[in-house]
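>>> Mind looking at a prediction? Sequence and model below.
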Amino acid sequence: MTSPNTGTTPKPATATRVLVLNSGSSSVKYQLLDMADGARLAVGLVERIGEETSRLVHTPLTGGAERRERTAPIADHRAALEAVAAELKADGTGLDSPELAAIGHRVVHGGLKFSAPTVITDEVLAEVERLVPVAPLHNPANITGIRTAQALRPDLPQVAVFDTAFHTTMPEYAARYAIDAETADAHRIRRYGFHGTSHAYVSRRTAQLLGKDPSEVNVIVLHLGNGASASAVAGGRCVDTSMGLTPLEGLVMGTRSGDIDPAVVFHLKRVAGMSDDEIDVLLNKKSGLVGLCGDNDMREIRRRIDEGGDQAAALAFDVYIHRLKKYIGAYYAVLGTVDAVAFTAGVGENAAPVRAAAVAGLEELGLAVDAGLNAVRSDEPRLISPEYARVAVAVVPTDEELEIAQQVYALVRSEAAVPGNRGPTGPAHD
Ligand SMILES: Nc1ncnc2c1ncn2[C@@H]1O[C@H](COP(=O)(O)OP(=O)(O)O)[C@@H](O)[C@H]1O
Ligand SMILES: CC(=O)OP(=O)(O)O
Ligand SMILES: [Mg+2]
């Protein structure tokens, strides 16, 4: 194996483990994997970072140790990562292990410069920092995660895998906003798209489920988590996606509005007297499902509808579904022919009523859901459409951490891990 040259000590040939950190605005999800055999050694989550009731759940999957859970204030992402490092150390799989080959980081906004996994140098970190204004909820957390991991293991390659990378194949006419071209170019205003690691993984797994090569199928992927986005994937390449310059555009989300008339912003400023920051918070944190009915968790919304006929919850559900259905139709038109529609992430994988409602009435498009199959709970990729349906409808659990680990490991095993050899890639914008 070629030792990744990070300018420091070469790793032993036995270094086959990758730690993946997926830092969100108020959470960190992580997995430790051994890429020699693909085994997961530990998985975990720190949530509600910055609150009094922060919670850490750590599940070791090797060595017989028990799942551990504790609730205690964790002030920031740095403290969260240090707590994760302590949990891993307690299992004997600490960050000081010589078996660790690299640390992989989900980085949400990579602009146009990064279309592949990239070893993090000062230059890369500066670019991620420059993009903070267009991913204010995400990039700062990613940067803290990187800096903390670098401090804990300065000798290890730290690799960024960008949410935007998979979408860099979008044709210009899908990526462009129809605004003054000079202004757009001067400020790099265009549609970048996010959740790309998930869209890439799920579209590939969906092709596999159909027994086809990704190059042979057209798939609409619906990533419905707290953040939510749709993508149109033609023969393995993204041709359109619902998020834009920032992760605010597109579908209705837990706390984000998704598509709105941009004039709403002027109205809120001029007529309602709101400040830029107040509008930012309104659209990112007080909109979407939570804005419509006070709850952002789809489980709670379904409970309110099913138990009490709650009208606000029912309206929130209907607005969510209406937007989703419009994107299915739009991406059907963009792709021309569709082989599969794949539901993924927390809501897509678990909420059968969302899946049923999203494709209801689309039989003319060849889309249908079998009620029995849709009701089955499983962690496996599966079809939920009836035999006769022309288009497969699938539930395909996403695994951003596994996808990141594979990309990171492939990179550190290749000579390309030499910083400078593989810096920013893809179509440079400036
Ligand atoms: N059983 C379920 N039924 C409906 N929705 C669910 C269920 N389990 C999880 N969810 C939804 O999934 C969301 C979280 O999805 P996830 O993909 O983990 O999001 P993120 O990665 O953006 O934090 C929750 O807000 C919740 O609404
Ligand atoms: C980009 C994005 O919206 O990510 P998340 O769903 O993790 O908030
Ligand atoms: Mg997510």
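Good, I have the coordinates. Ligands and ions are numbered 1, 2, ... in the order given.
>>> ok, how many other residues are close to residue 173?
Using other Cβ atoms under 10 Å, residue 173 has 8 other residues around it. From N, CA and C alone the C-beta is placed, and that goes for glycine too.
>>> Skipping adjacent residues, who's closest to residue 127 in space?
Excluding the flanking residues, the one nearest residue 127 by Cβ to Cβ, 6 or more residues apart in numbering is residue 113, at 6.0 Å.
>>> Residue 331 too?
Distance criterion Cβ to Cβ, 6+ apart; nearest residue to residue 331, sequence neighbours excluded, is residue 232 at 3.9 Å.
>>> swap in residue 78?
Using Cβ to Cβ, 6+ apart and skipping residues adjacent in sequence, the residue nearest residue 78 is residue 148, 4.8 Å away.
>>> That neighbour touches residue 82, doesn't it?
Yes. Here residue 148 reaches residue 82: they are 6.9 Å apart, a contact under Cβ atoms under 8 Å.
>>> Residue 369 should be in a helix, yeah?
No. Residue 369: not assigned to a helix; according to DSSP: H, G, I helix; E, B strand; the rest coil it is coil.
>>> What ranges does the stretch 251-400 of the chain have for its strands?
In the stretch 251-400 of the chain, the strands defined using DSSP state E, counting those that start in this stretch lie at 340-344, 382-383, 392-395.
>>> Close to ligand 1: what parts of this protein are there?
24, 225-227, 254, 296-299, 345-347, 350-351 (Cβ under 6 Å from any ligand atom).
>>> Name only those of those residues that count as buried.
Neighbour-count burial (16 or more other Cβ atoms under 10 Å) applied to the residues of the chain next to ligand 1 gives 24, 225-227, 254, 296, 298, 345-347, 350-351.
>>> Please narrow the residues you listed to those residing in helices.
In this view, these that belong to helices under DSSP state H are 298, 345-347, 350.
>>> of those residues, closest to residue 307?
Checking these against residue 307 with Cβ to Cβ, the nearest one is residue 298 at 14.7 Å.
>>> Return the residues in contact with residue 235.
214-218 (Cβ atoms under 8 Å, 6 or more residues apart in numbering).
>>> top of those residues by neighbour count?
residue 217 (24 neighbours).
>>> Give me the local confidence score for it.
Residue 217 carries a pLDDT value of 98.
>>> Count the neighbours of the closest residue to it other than its chain neighbours for me.
Using Cβ to Cβ, 6+ apart and skipping the chain neighbours, the partner closest in space to residue 217 is residue 339 (4.1 Å). Per other Cβ under 10 Å, the neighbour tally for residue 339 reads 19.
>>> For residue 339, give me its contacts.
By Cβ under 8 Å, 6+ apart, the contact set of residue 339 is 210, 212, 217-219, 391-392.
>>> which of the residues you listed count as buried?
Those of the contacts of residue 339 that meet the buried threshold are 210, 217-219, 391-392, by 16+ other Cβ under 10 Å.
>>> Please convert those residues to a markdown table, extending it with distance to residue 172.
Shown next, in a markdown table, are these (distance: Cβ to Cβ, whole Å):
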| residue | distance to residue 172 |
| --- | --- |
| 210 | 30 |
| 217 | 24 |
| 218 | 20 |
| 219 | 22 |
| 391 | 28 |
| 392 | 30 |
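>>> closest to residue 45 among those?
When the buried ones among the contacts of residue 339 are compared for distance to residue 45 (Cβ to Cβ), residue 219 wins out at 28.2 Å.
>>> now the longest helix along the chain, how far from the centre of its chain.
Taking DSSP H as the criterion, the chain has its longest helix at helix 311-335. Centre-to-centre, helix 311-335 and its host chain are 20 Å apart (Cα atoms, centre = their mean, to the nearest Å).
>>> Sort out which residues of it are buried, please.
Buried residues in helix 311-335, counted by 16+ other Cβ under 10 Å: 313, 316-317, 319-321, 323-325, 327-328, 331-332, 334-335.
>>> What angle do strand 340-344 and it make with each other?
Going by axes from the mean of the first three to the mean of the last three Cα atoms, to 10 degrees, helix 311-335 is angled at 140 degrees with respect to strand 340-344.
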